[in-house]
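**Student:** Structural data only, the sequence is not supplied:
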């Protein structure tokens, strides 16, 4: 509420002051003092609002502070300083009002006070610069100007009704404003889209977070205001002889919509940006064409084809009926679109749950994958089998055959979907929920293991050759303490955009094999990391390689899931372990090439050539396993 | 039908631990969440998705149920997204760092960072 007022009050006072200036410039110059007095009151109020906002912001910083402590704390922060500038501008504008001819200066200061709100917005406060910061400034400034103009026109309309102003003069001002407002509104919408792209990020977040919903309310009000503006333009287009003398309720309605827009904007600005919020999905489905295609195959295609057919037929009909009135034609188009979407939307949708868009708090990391594997052996093997193929000893007695977890379909669901099934169970399938047996983190660990298990079976196709522009296998993060005692991890190298060569050795022979890649770090732009089991002596270590001791065995346990090859898929899990494996991980965290113990190691030149080729690739995907198609 | 919907929603809300919200802001940490360490960390580093007001960050560390007195003193990186605190040297066992920060845009968020320092 305060945030909305901090834009609305100065903008309205600016509008009233512009009206005052316009009245004073008129030859017959009716000396009206009411707009000035109202503007003064609005400015005084906005200074008060700034004070209240400073106290409220301070109470977030120092929850038990006195009001003066709160203000002092607030003034040491960015938001507090912006609020102070807003308050100061309002006070300055108020001061300017007392001077001769100060209305013009005061109106400019008041617009500035309203536009300063942009600096408090998420985009600029989050330290962004460049186009999105510019969009934010332009958006709020244009909105302030629009509000000011509405206040001026609304005030003038009241004067017309009291007989103090010539209706034709008012109509001329409205016409002048209307033609300027059109490009302004287009720019306002465009900058709004740019900002929403930064703060909302996904359609699901738009639908299912308070921020996104506030934005939708705001958008609806914007369309309401545009509708009113359109009606006003129609009225302006009529000639005085055949047109109505009054504009009807449209100006009043536009003002109502404007207040709704600013209120929604204030509410949105005070909420957590949707891109950062937790999505509590309210529907039992989500529209996801790729996922639907993967899950349903051709069954999704037929209804979509029908839907397209219906839309095409109704569009043709509408074209033929267009002479019998646009209303009928539009009605046919609308009916066709509704029938088409009624068919297509279910076909392009998949089941969804409240947690569908939940992100895992447990990263895709070796310790978590290994912990998940232990939990799997404890809780899941009876039905899903030791290898995860859905063939455990209890599988035969289940109403529905337990899922084969080694297949790619595990990737077709969001992690949030899998989390829901793991937590709640799957009705009528025999799959129980584990919320009472496994903690939240344990369930996510289990999901990390299932992801690695399924990806590991797909990873059979990974060879020594890098497939250009095809990153798909996310590296399992490895955390270690470097020789210098610093904490490091694969994801740390990813953050530094440095590719990693990850080697595993089980015995001294495998370590010596890497001597061929001596001084790799000096000759290829890559971080070389060698993982060895506890107790193995790797001295002398090949030069340029960082040694990581797998104290708990977790790194080996997790990465051994990525050991399978087409020639040696090891479906029976007769061997495990990672001895002799070498992975090339690109700078964005994807495994791009792999050498097994049975193939010849690459030369340093061959590695350098691959690294150089990968360096030319842009980022094509996020190495985030928690999303889904 | 309606009762079912309400129950479902209730279950869904009950499912959401409050710390999940905070994870959206904490990008990464050293030591990472749920890390198992052989030695106590020399420093604790928290990286957030947005700049934070370092002066109003509260980091309270508690190991094996014993709270360390007061909030850890933090230093912010030049881009204000990373906070670093010197960790008390003698920590051992299951450590929980309760962090609470105010982002530069004025929102306060909080969360937990859990790590285990094994007894040697």
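**Tutor:** Structure received. Being a predicted model, the structure only gives us computed values, none of them experimental.

**Student:** The chain: strands as residue ranges?
**Tutor:** Just so you know, I chose chain A. A:285-287, A:349-351, A:473-474, A:479-481, A:487-489, A:500-504, A:527-533, A:545-550, A:582-585, A:590-595 (DSSP state E).

**Student:** looking at chain B here, not the other one
**Tutor:** Using DSSP E, the strands of chain B run over residues B:26-30, B:35-37, B:43-48, B:58-63, B:66-67, B:74-76, B:82-86, B:93-102, B:108-117.

**Student:** For the third one, name the packing helices and strands.
**Tutor:** Just to be clear, that refers to strand B:43-48. Other helices and strands packing on strand B:43-48, by 3 or more Cβ pairs under 8 Å, 6 or more residues apart in numbering or on different chains; DSSP states H and E, are strand B:26-30, strand B:58-63, strand B:82-86, strand B:93-102. Where C-beta positions appear, they are placed from N, C-alpha and C, glycine not excepted.

**Student:** Quick one: closest of these to residue A:386.
**Tutor:** Of all these, strand B:93-102 sits nearest to residue A:386, with 31.4 Å by Cβ to Cβ.

**Student:** what does that closest one rub up against?
**Tutor:** Strand B:93-102 is contacted from outside by A:60-61, A:77, B:22, B:25-26, B:44, B:46, B:48, B:52-53, B:56-64, B:83, B:108-117, B:119, using Cβ atoms under 8 Å, 6 or more residues apart in numbering or on different chains.

**Student:** quick one: least confident helix or strand in chain B?
**Tutor:** helix B:19-23 (a mean of 33; mean pLDDT, DSSP states H and E).

**Student:** low-scoring stretches of the chain, by residue?
**Tutor:** No chain specified, so I'll use chain A. A:25-32, A:100-101, A:239-244, A:485, A:624-629 (pLDDT under 70).

**Student:** Actually, chain B is the one I wanted.
**Tutor:** Within chain B, the segments meeting pLDDT under 70 span B:1-25, B:119-120.

**Student:** need the contact list for the nearest residue to residue A:349 once chain neighbours are set aside.
**Tutor:** Excluding the flanking residues, the one nearest residue A:349 by Cβ to Cβ, 6 or more residues apart in numbering or on different chains is residue A:285, at 4.2 Å. Applying Cβ under 8 Å, 6+ apart to residue A:285 gives the contacts A:346, A:349-352.

**Student:** what's the neighbour count on residue A:237?
**Tutor:** Residues lying near residue A:237 (other Cβ atoms under 10 Å in any protein chain shown) number 10.

**Student:** How about residue A:415?
**Tutor:** Residue A:415 has 26 nearby residues by other Cβ under 10 Å.

**Student:** Quick check, it in contact with residue A:358.
**Tutor:** Yes - counting by Cβ atoms under 8 Å, residue A:415 touches residue A:358, with 7.4 Å between them.

**Student:** Quick check, residue A:425 in contact with residue A:433.
**Tutor:** Yes - between residue A:425 and residue A:433 there is a contact under Cβ under 8 Å: 3.5 Å.

**Student:** residues near residue A:163, how many?
**Tutor:** 8.

**Student:** Check the one 5 residues further on too.
**Tutor:** Counted with other Cβ under 10 Å, residues neighbouring residue A:168 total 10.

**Student:** Okay, it and residue A:494: tell me how far apart.
**Tutor:** 68 Å (Cβ to Cβ, to the nearest Å).

**Student:** Could you do residue A:23 as well?
**Tutor:** Taking Cβ to Cβ, one finds residue A:23 at 64 Å from residue A:494.

**Student:** for residue A:150, same thing?
**Tutor:** 50 Å.

**Student:** By proximity to chain B, which residue of the stretch 1-150 of chain A wins?
**Tutor:** Going by Cβ to the nearest Cβ, chain B is nearest to residue A:125 of the stretch 1-150 of chain A, at 3.6 Å.

**Student:** Apart from its chain neighbours, what residue comes closest to that residue?
**Tutor:** Going by Cβ to Cβ, 6+ apart, residue A:125 has residue B:105 as its nearest residue, at 3.6 Å.

**Student:** what sits against the one you found?
**Tutor:** A:79, A:120-122, A:125-126, B:50.

**Student:** One more pass at 6 Å, please.
**Tutor:** By Cβ atoms under 6 Å, 6 or more residues apart in numbering or on different chains, the residues touching residue B:105 are A:122, A:125-126.

**Student:** May I ask which of those has the most neighbours?
**Tutor:** residue A:122 (26 neighbours).

**Student:** how far away is that residue from residue A:23?
**Tutor:** 40 Å.

**Student:** ditto for residue A:359
**Tutor:** Counting by Cβ to Cβ, the separation of residue A:359 from residue A:23 is 57 Å.

**Student:** Give me the more crowded residue out of the two.
**Tutor:** residue A:23 (21 against 18).

**Student:** hang on, the earlier thing: could you export the strands of chain B as TSV, including distance to residue A:390?
**Tutor:** TSV is the format used below for the strands of chain B (distance: least, Cβ to Cβ, whole Å):
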stretch	distance to residue A:390
strand B:26-30	36
strand B:35-37	32
strand B:43-48	40
strand B:58-63	43
strand B:66-67	47
strand B:74-76	50
strand B:82-86	45
strand B:93-102	36
strand B:108-117	34
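
**Student:** In JSON lines, list the ones you listed along with mean neighbour count.
**Tutor:** Converted to JSON lines, those look like this (neighbours: other Cβ atoms under 10 Å in any protein chain shown):
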{"stretch": "strand B:26-30", "mean neighbour count": "19"}
{"stretch": "strand B:35-37", "mean neighbour count": "18"}
{"stretch": "strand B:43-48", "mean neighbour count": "20"}
{"stretch": "strand B:58-63", "mean neighbour count": "18"}
{"stretch": "strand B:66-67", "mean neighbour count": "11"}
{"stretch": "strand B:74-76", "mean neighbour count": "16"}
{"stretch": "strand B:82-86", "mean neighbour count": "19"}
{"stretch": "strand B:93-102", "mean neighbour count": "19"}
{"stretch": "strand B:108-117", "mean neighbour count": "19"}
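
**Student:** Name all residues that make contact with the nearest residue to residue A:322 once chain neighbours are set aside.
**Tutor:** In space, and not counting its chain neighbours, residue A:322 is closest to residue A:329: 4.6 Å by Cβ to Cβ, 6+ apart. Neighbouring residues of residue A:329 by Cβ under 6 Å, 6+ apart: A:318, A:321-322.

**Student:** What is the neighbour count of the residue of the stretch 251-400 of chain A found nearest chain B?
**Tutor:** For the stretch 251-400 of chain A, the residue closest to chain B is residue A:354, as judged by Cβ to the nearest Cβ, at 3.3 Å. Other residues near residue A:354 come to 23 when the count uses other Cβ under 10 Å.

**Student:** Let me know whether it touches residue A:280 as I believe.
**Tutor:** Yes - in this structure, residue A:354 is within contact of residue A:280 by Cβ atoms under 6 Å, at 5.4 Å.

**Student:** what's the burial count for the residue nearest to residue B:118 when sequence neighbours are not counted?
**Tutor:** Closest residue to residue B:118 apart from its sequence neighbours, by Cβ to Cβ, 6+ apart: residue B:38 at 5.9 Å. If you count neighbours by other Cβ under 10 Å, residue B:38 ends up with 11.

**Student:** so how far is residue B:66 from residue B:38?
**Tutor:** 20 Å.
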